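Chemist: With the input below, show me the fold.
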Amino acid sequence: MIELIQLSAALSVSYTRALLWIEVEFETPTQSEHPVELQIEQQIEKAIDPLEKSIQKLLETFSLDSDELLLLSDRSLGGLKPISRGEFVRHLGRSYRLIILDAFSGVNPATLAQAIGTLEGGGVLVLLTPPAREWPSYFDPEYRHLGFEPGEQPAGRFIRWLLRGLENSSAVARHSCSSINSTGYAVPELPPYRAPESTGHFLAKVQQQAVYQLLNSWQQPRSCTVFDADRGRGKSSVLGLALALQSSFQAEQLALCAPDKRAVVSIYQRFLELDKDRALPKFYTPAELIKQMRSNPASLRAVLVDEAAGVPLPILEQIAASAEHLVLSSTLHGYEGFARGYGLRFLKQLDMSRPECRRIPLGKPLRWACGDQLEQWVERYLLLAQEPENLQLVDGFYEVQLDDLLDNEQLLRSIYQLLVTAHYRTSPSDLRLLLDAPGQRLFILVVNRALIGVLWVTEEGELNSQLAEQVMQGRRRPNGNLLPQSLLHYLGWEEAGDKQYWRVVRIAVAEQHRRLGYASSMLQSLLTEAHAKGVDFLGASFAGHADLLEFWHSCGFGIVRRGDSVDPVAAEPAVQVLQPVLKSAEAWLESQQHPSQVKRVEEQALQNFAYHFAPLKLVRDQLKQLNLPELLAPILDEISPSNKRLKPLRAWLRNRLEAQRS
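Modeler: Here you go, the predicted structure:
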């Protein structure tokens, strides 16, 4: 056992990192007749004092400047300004020596992975939690985002999975805040560390060579460069410094693209560290980049796509076909989105379509030491690492119980690895969604004892009449129930909330078994399962790429709604499809197209738009037939006008409807 100050010193010498898990003991409030939300707040209030003491001890020990530490919480503790889950993405370009994560404010897996990714060598991530015995039953605020209401008792599967990792890893130092000032902490023996030789501007040799290679490639008539690296390997530094040093392009000839602008903050930071006066390359979302390349293909000579694995493959293919100089960078074990289709399919196609393509690996980390145990921990327990599992399973298509997955790590890992191949935006948050959100079901296809396919389904529908009416009026949009809420709110089908839906969240088939009919076979088997359960509809929601539309149409699904706006990453609007399971559901769906029903829906839509917050799309065509005032008419041509913009239009329609009634 060593004291906290010794832990800090040991980590600094080894340049490794650790997770300090502090279980906060607090007096559990007695059962009362107070509202559930008040009881939960009382629990948190009881924990505040020991939380404050724990943080004060940490601050005294580490003695860090304010820019070296971070508190992830929804409340101020120890005099520290809290950073919420949504705000933390703005800090991804920075490094910290101490990050405190308050689990009483919720544990989001993506935020946990991000926090560990921004922790530098010698740093500590402090996780403040309820005692292990009580944590799975604690109503984590994250459950609200998953669709639970206070008073409901979630299964707590993700917390139980996380506890297994915390209790069985040498990267974790466990302690209780009741004895934080007395006994100290057990930590593994840490190896001595020799920092990488620093040459050039903030770079080790490998990263410096990568900058030279990139600069040289930009002097050629045409180039294609791919960086594959895990987090902390200096990708952002290489790209930012290469952009600042290059003389091959004007700023307006460069395009920097990523699924989210916040992902490139660190690239801009490295650029400005070297050259504060030079114009920054312009940032484009994938949709904006495609539009620019189509309208003026000669304007951009070099395109850099960061976190490329998080961009849909059809969009990447268009970019690769048009860009004179192309740079693709991705964190294959990252948390921004790590669809394996990028590594398995797209890069193989790229090697054939662009023979000049060069792959530059960045293997050794810059931000922490090689063999860092915390990196290994997060890859294992947030399922970031992609490693083959040798499983022997029972053949067939069948449902897997989520509780059973916690006792079979190999199966959980294999299923999740297959799921991430299915969607370009998969992130660690989906792990908690799968394990904890209400109504999740998981089916697998096994052939010759090998896992071939996975089908993830969520149960939706059967909304109470009051909620359905509020959704249709635009007054409520609770988490979950995507399909019925879409039919209620955007199409005005008032009976849609009564129906029962199984929405396909992900469908995935192993790479070597694709285009052999397994995906459509799984959907057919799912249809049989749904029929036996009395489900009304199977459905799905996805970006409307042509190949996806063709697949779902071939499986018997029809489009019921297209989104109004183009997704900035997918560069296509969302599409919702349905397939009736029961004859009664098929008849109901057909009835929604009957002229009498259409007229009734249109009349109700006008009421909901005028008196509530129903969307403009529902009534746009009807309003165009009316004699609108000159000032209001242009609103109808806007794609997504704000509620403030719609307010006078709603008022005008209310007056008209009331005049008609009188």
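Chemist: Please enumerate the helices of the stretch 251-400 of the chain.
Modeler: Here the stretch 251-400 of the chain has its helices, by DSSP state H, counting those that start in this stretch, at 265-274, 286-295, 313-322, 340-341, 347-353, 373-381.
Chemist: can you redo the ones you listed as a markdown table with mean neighbour count and mean pLDDT?
Modeler: Quick note: C-beta positions are derived from backbone N, CA and C, even for glycine. Listed next are the helices of the stretch 251-400 of the chain as a markdown table, based on neighbours: other CB atoms under 10 Å; pLDDT from 0 to 100:
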| stretch | mean neighbour count | mean pLDDT |
| --- | --- | --- |
| helix 265-274 | 18 | 86 |
| helix 286-295 | 17 | 92 |
| helix 313-322 | 18 | 89 |
| helix 340-341 | 20 | 55 |
| helix 347-353 | 14 | 85 |
| helix 373-381 | 21 | 91 |
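Chemist: okay if I get the ones you listed as TSV plus distance to Leu412?
Modeler: Formatted as TSV, the helices of the stretch 251-400 of the chain follow (distance: least, CB to CB, whole Å):
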stretch	distance to Leu412
helix 265-274	32
helix 286-295	31
helix 313-322	26
helix 340-341	17
helix 347-353	27
helix 373-381	11
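Chemist: closest one to Leu77 among these?
Modeler: Closest to Leu77 of the helices of the stretch 251-400 of the chain is helix 373-381 (CB to CB; 22.7 Å).
Chemist: can you list contacts of the closest one?
Modeler: With contact meaning CB atoms under 8 Å, 6 or more residues apart in numbering, helix 373-381 is reached by 16-19, 112-113, 116, 119, 125, 161-162, 164-165, 169-172, 188, 230-232, 333, 365, 368, 384-385.
Chemist: Please name every helix or strand in contact with the helix or strand encompassing Val577.
Modeler: Counting by DSSP states H and E, the element that carries Val577 is strand 573-580. Judged by 3 or more CB pairs under 8 Å, 6 or more residues apart in numbering; DSSP states H and E, strand 573-580 is in contact with helix 482-491, strand 537-543, helix 546-554, strand 558-566, helix 583-591.
Chemist: If we use 6 Å, what do you get?
Modeler: Counting contacts by 3 or more CB pairs under 6 Å, 6 or more residues apart in numbering; DSSP states H and E, strand 573-580 packs against strand 537-543, strand 558-566.
Chemist: If you count neighbours, what's buried in stretch 355-373?
Modeler: Across stretch 355-373, burial judged by 16 or more other CB atoms under 10 Å covers 357, 360, 362, 364-369, 372-373.
Chemist: Select from the residues you listed every entry located in strands.
Modeler: Among the buried residues of stretch 355-373, the residues falling in strands (DSSP state E) are 357, 360.
Chemist: out of the buried residues of stretch 355-373, who's nearest Tyr518?
Modeler: Nearest to Tyr518 among the buried residues of stretch 355-373 is Cys357, at 30.8 Å by CB to CB.
Chemist: Can you tell me who the nearest residue to that closest one once chain neighbours are set aside pairs with across the strands?
Modeler: Of all residues not flanking Cys357 in the chain, Cys224 sits nearest, at 4.0 Å (CB to CB, 6 or more residues apart in numbering). For Cys224, the beta-bridge partners under DSSP bridges are Leu326, Cys357.
Chemist: doesn't Glu324 make contact with Cys224?
Modeler: No - between Cys224 and Glu324 there is no contact under CB atoms under 6 Å: 9.8 Å.
Chemist: who's in contact with Leu523?
Modeler: Residues near Leu523 by CB atoms under 6 Å, 6 or more residues apart in numbering: Cys555.
Chemist: Spell out which helix or strand contains it, please.
Modeler: Here Leu523, judged by DSSP H and E, is contained in helix 518-532.
Chemist: and that helix, how far out from the chain's middle?
Modeler: 27 Å (CA atoms, centre = their mean, to the nearest Å).
Chemist: quick one, that helix and strand 573-580 angle?
Modeler: With axes from the mean of the first three to the mean of the last three CA atoms, to 10 degrees applied, the angle from helix 518-532 to strand 573-580 works out at 50 degrees.
Chemist: Can you pull out the low-pLDDT segments for the stretch 1-150 of the chain?
Modeler: In the predicted model, the stretch 1-150 of the chain carries pLDDT under 70 at residues 1-13, 26-47, 92-93.
Chemist: That should have said the stretch 551-662 of the chain, apologies.
Modeler: Residues of the stretch 551-662 of the chain meeting the criterion pLDDT under 70: 568-569.
Chemist: Alright, that wraps it up for me.
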